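Q: Just the structure for this:
(2 chains)
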Amino acid sequence: MLLAPLLALGLGASPASAGVATLCLAQPGQTACVSGTVGNRTNPVEGADVVLRDEAGTEVNSITTAADGKYSFQVTEAGNYFLFVDPESLPDDVEIIPPAPRFQEDDGSIRVPVKLGRTATPDLEVRSVDYDAEGSGFGEQIVQSIAQGLRLGLLLALASVGLSLIYGTTGLSSFSHAEQVTLGGMVAYGLVNVAGLNLWIGILLTTIICGATGYVQDRLMWQPLRRRGLGLTQMMIVTIGLALAAQYAFQFFVGASQQKVVVRTFDVVEIGPVRMTDMSFVAMGVALVAIAVVGFVLLRTRVGQATRAVSDNPALAAASGIDVDRIIRFVWIAATALAGLGGVFYALVVSNGIRWDTGMQILLLLFAAVTLGGLGTAFGAFVGAIIIGLVVELAGPLGAPGDLKYAVALVILILLLMVRPQGLLGRAVRVG
Amino acid sequence: MNEFLGILDAVVGEAISPDTAAVAIAVIGLNIHFGFTGLLNIGQAGYMLLGAYGMAISITYDIPLAVAVLIGLVVSVLFSFILGLPTLKLRGDYLAIVTISAAEIIRYTGRLAAFEDFTGGSQGIFGKDYQGPFMDLSFFGSGSFDLLPLNYRDAGGGAGLRVVGLLVAVAAVVGIVVIAKRMKSADGQAPKIGTTATPKLVVAALFVVLFLALFFSFPQTEPRTSVDGWWVRVVAWSLVGVSCIIVFLLVRSPWGRLLRGIREDEEAMRSLGKNVFAIKMQALIIGGMFGALGGMVYVLTGSVQADSMGRQLTFFAYTALLLGGAATIFGPVLGSIIFFSARILVRELSGAYVPNSIMSTQQTEQFSYVVVGVALVLLVIFRPQGILGDKRELRFHV
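A: Prediction:
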């Protein structure tokens, strides 16, 4: 803290030849400073006219920035001041990023509350003019959101198909499935980022390791619990406990901050109006292939037939010679492996890294997808996941602020349950 | 030894903290839902958040405290209707999914910047904005003091005396367990007239001894009224007591037997001509009101912050409920106290005795939660009825 004014002194002294007050030291009870950089430290904007006005609208001072983009004003009264950057003085292709609404004034200036003895540093970052959050390309924006929605939907589908299969064969709503997703990202972080493995080998190994956790879980926990005849509600609470333990175990071993699976950034590819990283397209492709394989196995192979039989009626399946325990173990392995694979790609392309609560944040989306499609139907889960993905990504441009886009998905879920409780592809069963 | 006594100090402090009482009230509500009626409500934190918002926002608009509390309760009743109408006729899973989703929707909405004027956005409503009316009610005066007319601080003077107190407490626990076991084994035989009341009285007396021994061996100094004071504690725990009495009266009434009937066999109840849907709805509403009340107490010492009442809190509530024993009167209270103080015990013990090279201070916090999660798993598998519960009452199949 003590160094900060000295640093400002050193930085301010060199371009002081321009004659502007680039140095300001706030003295308690007497003066205050409004200072900062137009642009940012690595890309400052030269020659921008910065004007400071007081509450009455009279100009306090104005500065034209030098090569370092810095401006600094000294004021002697506390209160609200208004900082204005003349758009004409900026280079043609950039504009000031508008501040948060409560600091924004109608004439395009920024409200700066000033206290004596303090230095206020309002943000005057710039962005290129052709960046548009909304406006000219509303249609383009919708297309972009649809593409992102498909991406999110496909990755959600990887996890929710497994969740649905587990529900179908065992009747268990597994709350720890989201932690399986996080586990995928975490293992990939360990293998690729920490141990330095090739990304693709890392992804493959992660999928195998996650599948192994499913095997171990079923072997050590779920199968014995099924044999003991533990109720489904109790088993569900067991998964809640597992999820809790897993979340804090992630924090214990990896820490609470976001970790990247790979350090480098991916190239952005433009196809028509859609701009996404090349990795996003790869992720969508892999997800599609994986889900297609699951579909093929379910429909065309003996194991798949047996799985569907167990889903329909475990007792009848057992009576017709199907080894129900073996099928359920197969389902656990497939479900956890798919969740792990989904977790890696989610960390790579959607959340830009993995954190202990990454999975927890999408748990409800998974449940929404599974319920929407119809509890226990694998293809329903796929359809549901795509719909939820689209809803979440489209909610933003269509007017849902901030995190509410997740809430929108849940509202849709609740509304659907009112009219069609069995889900989109489920069969109606009379209850009560 | 002093270090260990210091740890026990922290544990007892957590056990009687108003937050523990607040969660206990919410767990009492959850017990009506889950323990007695078999409704799988995974959104109890949503009820708490609604109650807290209802009360705090009302007070910031200068509405009297009593009315503000009422508003919080009414909001929770409306929430029950919205949740219950579409789902109570469906299978139990649907209520689970809808309650957890609805609780999250409330949390997301509360955090929205658009409602910052009401809810304070993600920062929440600060305590000083709504604590005033509650603190003004206090007749405890100000300043810090030792509760009860006895000279509380002096009783906990020397380490020797405190160790004696600790031994008395352990003896009381052993006595309670022994008598409870004997009562249980005697249950099977024909009851002898006149002998049933005595052991119960002895158990009650032992509980009082246990409480006094712990309380006086590990003195807690609190300010009387300010944010974290005795006044809040007394009110919070009185509310816990009142809630227990209400639940006791409710479940031994004919209506309470209907609840158990629905939990055991809905079809049978329906065939007897009972309106199962209406009774489930009543249970949902009453349990939800306790949840809202718990939420109001929960925010008395802190601030109303949406993220502090997320899914995690619901999961803690379930752990506390199962630990104490579902479908019992005192289970929720006992479970909450043990749950919170045991977590502090694990954290402090691993902080004090595990070297920093193995576990940093921050990691002890996370380690304590890992232990909580694993404990929940083991508890459900090996002792699903919890400490006080009856295994025969636990065939809940939702």
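
Q: And the residue of the stretch 51-200 of chain A that's closest to chain B?
A: Closest contact between the stretch 51-200 of chain A and chain B, by Cβ to the nearest Cβ, is at A:Ser173 (6.2 Å). C-betas here are computed from N, CA, C, even on glycine.

Q: Helix or strand for that residue, just tell me which one.
A: Under DSSP states H and E, no helix or strand contains A:Ser173.

Q: Name the nearest residue to it, ignoring sequence neighbours.
A: Excluding the flanking residues, the one nearest A:Ser173 by Cβ to Cβ, 6 or more residues apart in numbering or on different chains is A:Met236, at 5.5 Å.

Q: Assign that neighbour to helix, strand or coil.
A: Assigned by DSSP: H, G, I helix; E, B strand; the rest coil, the conformation of A:Met236 is helix.

Q: What residues does it make contact with?
A: For A:Met236, the contact set (Cβ atoms under 8 Å, 6 or more residues apart in numbering or on different chains) comprises A:Leu172, A:Ser173, A:Ser174, A:Phe175, B:Leu40, B:Ala96.

Q: Report how many residues lie close to the second one.
A: Around A:Ser173 sit 24 other residues, with neighbours defined as other Cβ atoms under 10 Å in any protein chain shown.

Q: Make sure it is actually in contact with B:Asp93.
A: Yes - between A:Ser173 and B:Asp93 there is a contact under Cβ atoms under 8 Å: 6.2 Å.

Q: tell me which residues in stretch B:357-365 are buried?
A: For stretch B:357-365, the neighbour count (16 or more other Cβ atoms under 10 Å in any protein chain shown) marks B:Met359, B:Gln363, B:Thr364, B:Glu365 as buried.

Q: ok, now stretch A:397-410?
A: Buried-residue list, stretch A:397-410, by 16+ other Cβ under 10 Å: A:Pro397, A:Ala400, A:Asp403, A:Leu404, A:Lys405, A:Tyr406, A:Ala407, A:Val408, A:Ala409, A:Leu410.

Q: Over to stretch A:35-55?
A: Buried, per 16+ other Cβ under 10 Å, within stretch A:35-55: A:35-39, A:44-45, A:48-53.

Q: and of those, the nearest to A:Val261?
A: Taking Cβ to Cβ as the measure, A:Gly39 is the one of the buried residues of stretch A:35-55 closest to A:Val261, at 31.3 Å.

Q: need the contact list for the closest residue to the closest one other than its chain neighbours.
A: Among residues not flanking A:Gly39 along the chain, A:Val45 sits closest, at 4.1 Å (Cβ to Cβ, 6+ apart). Shown in contact with A:Val45 (Cβ under 8 Å, 6+ apart): A:Val38, A:Gly39, A:Thr65, A:Gly69, A:Leu90, A:Pro91, A:Val94, A:Val126.

Q: Wait, the fourth one touches A:Val50, no?
A: The one in question is A:Gly69. No - if you go by Cβ under 8 Å, A:Gly69 and A:Val50 don't touch, sitting 9.8 Å apart.

Q: joint contacts of those two?
A: Joint contacts of A:Gly69 and A:Val50 (Cβ under 8 Å, 6+ apart) are A:Val38.

Q: Skipping adjacent residues, who's closest to A:Cys24 in space?
A: A:Cys33 (3.8 Å).

Q: separation between the one you found and chain B?
A: A:Cys33 sits at a distance of 27 Å from chain B (criterion: Cβ to the nearest Cβ, to the nearest Å).
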